[in-house]
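Enquirer: Here is a sequence with its predicted model. Questions after.
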Amino acid sequence: MNPDISGPETPRFLSKGELSSRLLLSLAVIVGSMIGLLASLMPLAQAAPSMTTGGSAAFQLAGYATDLEGASLAATGQFITPRRAQPAHVPVREPLLQETVILYVTKSALNEGGDPLLPSERITYTIIISNSGALSATGVVVSDTFPANTNFVAGSITILPSSAGGTPGTLDSQPIIASGITVTPQIPVTVTYAVTVSGPLANGTVIANTVSVTSTESPTPTTNVVTSTVTASPTLKIIKDGPLNASVGETVVYSISVRNDEINGDGSPITQVVVTDSIASPVSYVAGDDGDTLLELEETWSYTAAYTIPPTVTNILTNTASVQGIDPEGDIVSPVTATHSLDVAYAPVLSITKTGSITANVGETVVYSISVRNDEINGDGSPITQVVVTDSIASPVSYVAGDDGD
């Protein structure tokens with residue numbers, strides 16, 4: 001039965017011979033493609049072990065198929081690729097540990113007065129040098145220019161551990177603060193030194209400090225920077241003077257001086273200055289202001305206060321003067337105090353009276369009355385303790401009354 005096929009062209013069935021030829025051609029194309037692919041990959045492959053140096057390699061590919069009648073079909077191909085010349089033997093070295101010096105440096109600042117940092121306070125700088133290389137760093141030099149607005153504390157440079165060696169610097173060796181140090185791998189070396197902050201300084205002044213470290217093996221500087229910020233406001237200073245000795249009843253005059261502290265403060269003017277004293281009153285202004293009622297730098301305001309020493313005062317007589325004011329921002333300037341002490345001289349005088357019978361018979365008991373007083377006329381009236389009354393013949397002398405209990 002013939003199939004019912006319609007269309008512009010009538011299909012033609014292939015004979016067995018034609019079909020076998022076309023299959024063989026397709027197989028040849030496939031084998032050729034495989035040969036091309038292998039050729040493109042050959043630069044990445046190693047030559048066969050049997051190849052000689054500088055020779056070539058031949059590769060054979062074959063494809064097989066069966067025709068419609070079961071007959072075998074085959075297609076083969078080959079390509080030859082040149083072999084690059086290789087040395088007879090190439091030694092392989094394991095990578096070696098890098099033999100060098102690798103320095104790291106860190107730096108920190110410690111305000112020994114605590115936060116905030118104020119003028120005149122002390123800063124201790126700590127420099128830590130580490131070596132992560134395989135060799136020791138020798139001839140290490142630590143350079144650190146003392147920052148502006150500070151003063152170096154002589155003798156404060158230390159180098160630890162002692163096994164690192166090294167020589168501390170001095171003010172004259174600036175900027176070098178330490179030299180001749182050896183930093184072995186994995187054993188850090190610590191260098192410290194101290195400065196004090198100068199004054200007066202404006203609030204917010206930044207104190208920057210940079211350290212630089214070099215060694216014989218690593219001459220390129222390794223650096224680190226640390227900063228500290230000053231918190232400043234005006235500060236008052238007070239001084240109190242007076243006699244070192246005085247007697248009961250004497251009037252002591254104290255002299256009090258007040259300044260705008262240019263060392264511990266920022267020097268800004270202070271208004272509404274008030275001076276008080278713990279026992280002497282009133283405190284009277286004497287002189288020092290230039291007329292603007294502002295306590296400014298370079299001005300010293302003087303005051304006086306008087307005090308009459310009473311007989312009941314306790315030796316040693318100590319009293320305290322205090323001053324406070326207002327800064328330009330309207331805040332209270334922290335009060336400061338000054339204390340004065342003097343030795344009090346006491347001169348009390350006792351008075352005693354004794355009364356009794358004018359006459360008495362033999363065998364009669366006579367009772368005497370004895371009165372003791374602190375003589376405010378002839379003495380200073382200061383209190384007298386450990387009062388003891390005796391009588392040449394009458395005994396015992398017995399206390400009756402008069403003490404207020406103290």
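Expert: Yep, that arrived. Residues are numbered from 1 along each chain as shown.
Enquirer: Please report phi then psi for D289.
Expert: Phi and psi for D289, reported as degrees, to the nearest 10, are phi -80, psi 140.
Enquirer: Give me the distance between it and S215.
Expert: For D289, the distance to S215 (C-beta to C-beta, to the nearest Å) stands at 60 Å. For every residue, glycine as well, the C-beta is placed using N, CA and C.
Enquirer: So which of these two has more stuff around it?
Expert: Neighbours around D289 and S215, counted as other C-beta atoms under 10 Å, are more numerous at S215. The numbers are 22 against 15.
Enquirer: so the nearest residue to that one once chain neighbours are set aside bridges to which residues?
Expert: With C-beta to C-beta, 6 or more residues apart in numbering as the criterion, S215 has its nearest non-adjacent residue at 3.9 Å, and that residue is A137. Bridge pairing for A137 (DSSP bridges) gives the partners V183.
Enquirer: wait, what's in contact with A137?
Expert: By C-beta atoms under 8 Å, 6 or more residues apart in numbering, A137 lies in contact with V101, L103, N131, T182, V183, T184, S215, T216, E217, S218.
Enquirer: at 7 Å what do you get?
Expert: Shown in contact with A137 (C-beta atoms under 7 Å, 6 or more residues apart in numbering): V101, L103, N131, T182, V183, S215, E217, S218.
Enquirer: show me where pLDDT drops low in the protein?
Expert: Applying pLDDT under 70 to the chain picks out residues 1-98.
Enquirer: got the CA positions of the longest strand seen in the chain in PDB?
Expert: Using DSSP state E to define each element, the chain has its longest strand at strand 332-345. C-alpha atoms of strand 332-345 as PDB (Å, rounded to 0.1, in the frame of the first residue of the first chain):
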ATOM      1  CA  ILE A 332      29.800  79.700  88.200                       C
ATOM      2  CA  VAL A 333      33.600  79.500  88.400                       C
ATOM      3  CA  SER A 334      34.300  76.800  90.900                       C
ATOM      4  CA  PRO A 335      35.100  78.200  94.300                       C
ATOM      5  CA  VAL A 336      38.700  77.800  95.600                       C
ATOM      6  CA  THR A 337      39.900  78.200  99.200                       C
ATOM      7  CA  ALA A 338      42.900  79.200 101.200                       C
ATOM      8  CA  THR A 339      43.500  78.300 104.900                       C
ATOM      9  CA  HIS A 340      45.500  80.100 107.500                       C
ATOM     10  CA  SER A 341      46.500  78.900 111.000                       C
ATOM     11  CA  LEU A 342      48.000  80.700 114.000                       C
ATOM     12  CA  ASP A 343      49.100  79.800 117.500                       C
ATOM     13  CA  VAL A 344      46.900  81.400 120.200                       C
ATOM     14  CA  ALA A 345      48.600  82.500 123.500                       C
END
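Enquirer: tell me which residues in it are buried?
Expert: Within strand 332-345, the residues scored as buried using 16 or more other C-beta atoms under 10 Å are V333, V336, A338, H340, L342, V344.
Enquirer: Any chance of JSON lines for those, columns distance to E296?
Expert: As requested, those are exported to JSON lines (distance: C-beta to C-beta, whole Å):
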{"residue": "V333", "distance to E296": "13"}
{"residue": "V336", "distance to E296": "17"}
{"residue": "A338", "distance to E296": "20"}
{"residue": "H340", "distance to E296": "26"}
{"residue": "L342", "distance to E296": "33"}
{"residue": "V344", "distance to E296": "39"}
